[in-house]
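Student: predicted structure and sequence below. I'll ask about it afterward.
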Amino acid sequence: MKIKVILCLLLFSTMNSCQIHWEKTSDWTLYGYQGSQMFKIPLDSLSSFDTLNLNQDTVTSYLTNSRILDSKDQGVWMGGYLTTCKLAGGLRKIDFSNYGNFFYDEKSKTYYQLSASKSDAWNSYLQNCLMTLARKRTANAH
């Protein structure tokens, strides 16, 4: 019985350590791409897209209470937003669904769910940032 309890505690602590501490991320960038093929775009190809820096405090406030999703609860991807951030000196590609309140960290292959109370505001923030990026692109074309 003691072995089962110890194993459960070890499993729980391991699962907890996989959770990214979003407040330790930096340099959030949104890319001028929106669509369903975002998973096929490699990290080293993102430089071909227009970019917009996201506000660090805003991103952190939305992601802080996110939780890891079971891989079978991935949700439905009908397109989304491509972003990157820096964490522990490395660049990570993070894909946000524009249909639900979940996102995917490609490096750890982990799905996360946003707090339901923050989902609509987060999607509005990303949509506004994408529109700002489109206006910036249009202004630079003239």
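Tutor: Yep, that arrived.
Student: where along this structure do the helices fall?
Tutor: 2-17, 56-63, 119-141 (DSSP state H).
Student: can you give me the buried ones in the second one?
Tutor: Meaning helix 56-63. Buried residues in helix 56-63, counting neighbours by 16 or more other CB atoms under 10 Å, are found at 59-63. In this view, the C-beta of every residue, glycine as well, is placed from N, C-alpha and C.
Student: what packs against it?
Tutor: Helices and strands touching helix 56-63, by 3 or more CB pairs under 8 Å, 6 or more residues apart in numbering; DSSP states H and E, are strand 26-34, helix 119-141.
Student: how about low-confidence regions in this structure?
Tutor: Scanning the chain for pLDDT under 70 picks out 1-18, 71-76, 142.
Student: give me the most central residue, it.
Tutor: Note on the chain: the residue nearest the mean C-alpha position is Ile94, at 3.8 Å, using CA atoms, centre = their mean.
Student: hey, what's that residue bridged with?
Tutor: For Ile94, the beta-bridge partners under DSSP bridges are Thr83, Asp105.
Student: my read is that it contacts Gly80, right?
Tutor: No - Ile94 is beyond contact range of Gly80, at 10.0 Å (criterion: CB atoms under 8 Å).
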